[in-house]
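Asks: Sequence first, then the predicted structure, then my questions.
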Amino acid sequence: MSLLQIKDLSLTIHGAQILKRINLSIDAGQIVAVTGESGSGKSMTALAVMQLLPSGAEADGSLQLDGQNLLNQSEAQMCALRGAAIGMVFQEPMTALNPVKTIGDQVMETILIHKAMPPARARARAKEVLSRVGLPTHRFPMSRYPHELSGGQRQRVVIAMAIALRPRLLIADEPTTALDVTTQAQILDLLKGLVSEYGMGLLMITHDLAVVADMADQIVIMRHGEVVETGTTEHLLHHMQHPYTRMLFEASGHQVSLPLSPNPYPLLEVEDVVRDYRLPRTHLFGAPGHHRAVDQVSFTLNRGERLGLVGESGCGKSTLTRAILGLEDVQHGRISLGGQPVFTGHTPNLAVRRKMQVVFQDPYGSFNPRHRVARLITEPFHLLDTPPTGSERRDRIAEMLVAVGLSPNDASRYIHEFSGGQRQRIAIARALIIRPELILFDEAISALDVSVRARILDLLAELCATYDLTYLFISHDLSVVRTITDRVLVMQAGRIVEQGATEQVFAQPRHPYTRTLIDAAPRLPEMGQGAA
Amino acid sequence: MLRYALKRLLSLVLSLAVASVVIFAVIEVAPGDPASFMLGVNAQADTLAALRAELGLDVSKIERYFNWVGGMLAGDFGTSYTYRTPVSQMIADRLWVSLPLAIYALTLSTLIAFPAGLYAAARRGKPGDVAVMGATQLGIAVPNFWFAMMLVLVFAINLRWFNAGGFAGWENGLWTGLQSLTLPAIALALPQGAILARVMRSALLDILAEDFMRTARAKGLSRRQALWRHGVRNALIPVLTIIGLQFSFLLAGSIIIEQVFYLPGLGRLVFQAISARDLIVVESVVMLLVFAVIMVNFLVDLAYAAVDPRLRSRT
């Protein structure tokens, strides 16, 4: 008999259908990955197993854990099962821990709340579990607070809390989405190790197909609240039946071909740039320390070139981006665009700044929700000495909207009426409308679903052909950088450790850090021809 | 933690120094000659000269500032021009009423607010929450002197449990003193408690939406256990801020209530001193209140650090 057997599970929230007759099962020691795009109902499936659904939710069908229907349990009975029989790990390690309690207390709480053992033994068990997840107490005392740990370390604490009582079933909801590739690889290894060591069943929710292919014994593909395809990983990868599954896999490994760039000459020149941040004083009268976020960075971006910038969080990518945009003064070095410096002394040079535009990660947060699209995308017109007016303005808006695959009629709508992918198209339209010489894409497609991401990549390739774009593409997603750039910079701890033609850097990385990054990134397996 | 406390203390001393300069500058220097201001436009020349000598206005401004600060540090606040008594004695007498009243009212307000806020937050959107929110809305909207008059009507005139006004003094025992402060404290506490309850509720609701509350539930804590163990302490920061503000307000801002209950408090002292143009008293009381506000902020800062470990390490 299966450990977890979900049969015909349907779910409505305030009358809206979220899940439609879901079926899936997990055996002890098995990893089942549920995948699909946002809104497919994969997280709700996990929350339904925990019975931690939002208010107004009504579930129907059966959720059997070891033959016990979870839907019939009272709230008190569920409290006894949560944490003890079912453990759960969440997506956001930065916020999943209580900031005012020590990590030891939080791990111990799982044990004490179930009265599984007396406090002294609970402490010993918490210590043991923390060591097991890679936080030995001699290096990470149990008196540490969450803010004293990195994201990956916090995720280990969350895992320790979830497995402290050796639950039979572990649910992990996007456990590595918020982490860097190298950390992700470590956490995935840890989860795999725990499953085989404890014989737990693991229900893993993730949108990342490369992670799925690498981890899971069984794959469940969901769309719009329904399971569209399911099977063992090996079988499904080679004999996928459903067109949606094929589309997902195709989109995940989506490749575009960029047009050749016109004859190159230097556009953006970055020479020896250094950016220090002052740290708080350690002594009342001592000199404050410094954190060098960007350390003697030099590179040149030619006109018409598509340059990638990769590195883990905290490596200085964002600081460098802000410095290029003239949003941040640098202590040393020179940044110039078309021969003119971005900063003259300590004042940003507005004439240079207006030749650059940026597209940010959050397609919703970067727009004023109370303005119409026409006003949003014409915002950069402020920068022009003679902004177009009247019919010329309308024509420019219409042209840009069409260029990014929207309709001229969308100009009078508000941003909340658009999907995430459409919003990012509007952000691109806003960046393009004054024909900047340089565009910076700062993790611009990281928050998008794979199918949407594939279409945005196509759009960028098209725009490159039409407008001869020059851009700097900043991302932690190596597979995307590989297809959308001509040349790439690899950044580590404020320095550029490797640069070169994208294909060459990826195929033959010379710096050990580049190799680590490439090895840690989960890869989609080559799909068999039978799949097509 | 110790370094954090020392840093806060340093900032406290600096704030006091800056505040004393500002108060001195505004009252003594800006409106021209304090002596002629105190005596009014029709003052006799010889009276003016006498007052100037008495106020020590015949030395330089810098010297006067240091005389003033030095005197305060030694406990000498000068002599009241209208009452001809040492200001320090007048303030001390009033503080014996105002300080206990503020503490009493704040305690009551906290005692009302915590259970009400917790209760409402735990029952968000349900009848209990709606009832508490309605009651607090009323508590904020109704002026405290109306509460005061109703309390007098019910508990002093009809039930005769308390006196309608006046202060019995502490000489006759703690209980007698407290008894004469009870009705004023309740009248002060009701609106403050209503505000605090709302702050408590919204702070808790913010915390309830946090990811770590879901983590707590996933560990097997019931809704109520999660609220108590993980919610309350995290919600304390905004609540402490409001408590600090309320204490400063209660110390001097209770003039209307003091008036209704005939209490000899600080509020009435300032009011009388301003009416009589007794700048020496005004200046001293203002400095004292500034001291109280800064002191309370210091304590609130320490309380923040006790509650939130992130603040301790950020020094």
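Replies: The structure has been received and is ready for your questions.

Asks: Contacts only, for the nearest residue in space to residue B:276 that is not next to it in sequence.
Replies: Distance criterion C-beta to C-beta, 6 or more residues apart in numbering or on different chains; nearest residue to residue B:276, sequence neighbours excluded, is residue B:82 at 4.5 Å. Heads up, the C-betas are built off the backbone N, CA and C, glycines and all. For residue B:82, the contact set (C-beta atoms under 8 Å, 6 or more residues apart in numbering or on different chains) comprises B:273, B:276, B:278, B:281.

Asks: Among the residues you listed, which one has the most neighbours?
Replies: Per-residue neighbour counts (other C-beta atoms under 10 Å in any protein chain shown) across these peak at residue B:281, which has 26 neighbours.

Asks: what sits against the residue of chain A found nearest chain B?
Replies: Across chain A, the shortest distance to chain B (C-beta to the nearest C-beta) belongs to residue A:83, at 3.3 Å. Contacts were defined as C-beta under 8 Å, 6+ apart; by that measure residue A:83 touches A:110, A:113, A:114, A:161, A:162, A:164, A:165, A:167, B:218, B:219, B:220, B:221.

Asks: got it, and residue A:212?
Replies: So residue A:212 contacts A:33, A:35, A:204, A:206, A:219, A:233 (C-beta under 8 Å, 6+ apart).

Asks: What is the most widely separated pair among those residues?
Replies: Pairwise distances across the contacts of residue A:212 peak at 13.0 Å for A:206 and A:233 (criterion: C-beta to C-beta).

Asks: quick one on the thing from earlier: want to throw the contacts of residue A:212 into a markdown table with neighbour count and pLDDT?
Replies: Below are the contacts of residue A:212 laid out as a markdown table (neighbours: other C-beta atoms under 10 Å in any protein chain shown; pLDDT from 0 to 100):
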| residue | neighbour count | pLDDT |
| --- | --- | --- |
| A:33 | 25 | 94 |
| A:35 | 24 | 91 |
| A:204 | 29 | 94 |
| A:206 | 23 | 91 |
| A:219 | 26 | 93 |
| A:233 | 19 | 90 |
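
Asks: mind checking the end-to-end distance for stretch A:85-105?
Replies: For stretch A:85-105, the first-to-last residue distance is 20 Å (C-alpha to C-alpha, to the nearest Å).

Asks: what comes up buried for that stretch?
Replies: For stretch A:85-105, the neighbour count (16 or more other C-beta atoms under 10 Å in any protein chain shown) marks A:85-105 as buried.

Asks: again, but for stretch A:448-462
Replies: Under the neighbour-count criterion of 16+ other C-beta under 10 Å, stretch A:448-462 has A:448-457, A:459-461 buried.

Asks: With respect to residue B:261, which of those is nearest?
Replies: residue A:448 (65.7 Å).

Asks: follow-up on the earlier one: and the residue nearest to residue B:276, its phi and psi?
Replies: Backbone torsions for residue B:82, taken as degrees, to the nearest 10, come to phi -80, psi -40.

Asks: Read off the pLDDT value for it.
Replies: pLDDT recorded at residue B:82 is 76.

Asks: Check the burial of the residue of the stretch 51-200 of chain B found nearest chain A by counting its neighbours.
Replies: Of all residues in the stretch 51-200 of chain B, residue B:125 sits closest to chain A, at 8.7 Å by C-beta to the nearest C-beta. Per other C-beta under 10 Å, the neighbour tally for residue B:125 reads 9.

Asks: before we move on, the earlier item: which two among the buried residues of stretch A:448-462 are spaced furthest apart?
Replies: Spatial extent of these (C-beta to C-beta) is set by the pair A:449 and A:461 at 18.7 Å.

Asks: which SS class is the closest residue to residue B:43 other than its chain neighbours?
Replies: Excluding the flanking residues, the one nearest residue B:43 by C-beta to C-beta, 6+ apart is residue B:36, at 6.3 Å. Following DSSP: H, G, I helix; E, B strand; the rest coil, residue B:36 is assigned to helix.

Asks: what comes up buried for the helix or strand containing residue A:154?
Replies: If you go by DSSP states H and E, residue A:154 is part of helix A:151-163. Of all the residues in helix A:151-163, those buried under the rule 16+ other C-beta under 10 Å are A:151-163.

Asks: Report the entries of those residues that also contact chain B.
Replies: Among the buried residues of helix A:151-163, the ones lying near chain B by C-beta under 8 Å from any C-beta of the partner chain are A:158, A:161, A:162.

Asks: any weak-confidence spans in the chain?
Replies: You didn't say which chain, so I picked chain A. Applying pLDDT under 70 to chain A flags the ranges A:280-286, A:363, A:526-532.

Asks: oops, I was thinking of chain B
Replies: Within chain B, the stretches with pLDDT under 70 are B:28-34, B:313-315.

Asks: Of all residues in it, which one is nearest the centre?
Replies: Residue closest to the average C-alpha location in chain B (C-alpha atoms, centre = their mean): residue B:248, at 2.2 Å.

Asks: For the stretch 201-315 of chain B, which residue gets nearest to chain A?
Replies: The stretch 201-315 of chain B approaches chain A most closely through residue B:220 (3.3 Å), counting by C-beta to the nearest C-beta.

Asks: quick one: what helix or strand has that residue in it?
Replies: In the assignment (DSSP H and E), residue B:220 maps to no helix and no strand.

Asks: Verify the stated contact: it with residue A:82.
Replies: Yes: here residue B:220 reaches residue A:82: they are 4.3 Å apart, a contact under C-beta atoms under 8 Å.

Asks: who's more crowded, those two?
Replies: A direct count of neighbours by other C-beta under 10 Å for residue B:220 and residue A:82 places residue A:82 higher, at 26 against 23.

Asks: where's that one relative to residue A:92, distance?
Replies: Here the distance between residue A:82 and residue A:92 works out to 19 Å (C-beta to C-beta, to the nearest Å).

Asks: For the stretch 101-250 of chain B, which segments count as helices?
Replies: Under the criterion DSSP state H, counting those that start in this stretch, helices of the stretch 101-250 of chain B are mapped to B:127-141, B:144-151, B:174-208, B:211-218, B:223-226, B:232-252.

Asks: so which of the ones you listed is the most packed in?
Replies: Sort the helices of the stretch 101-250 of chain B by mean neighbour count, taking mean count of other C-beta atoms under 10 Å in any protein chain shown, and helix B:211-218 sits at the top with a mean of 23.
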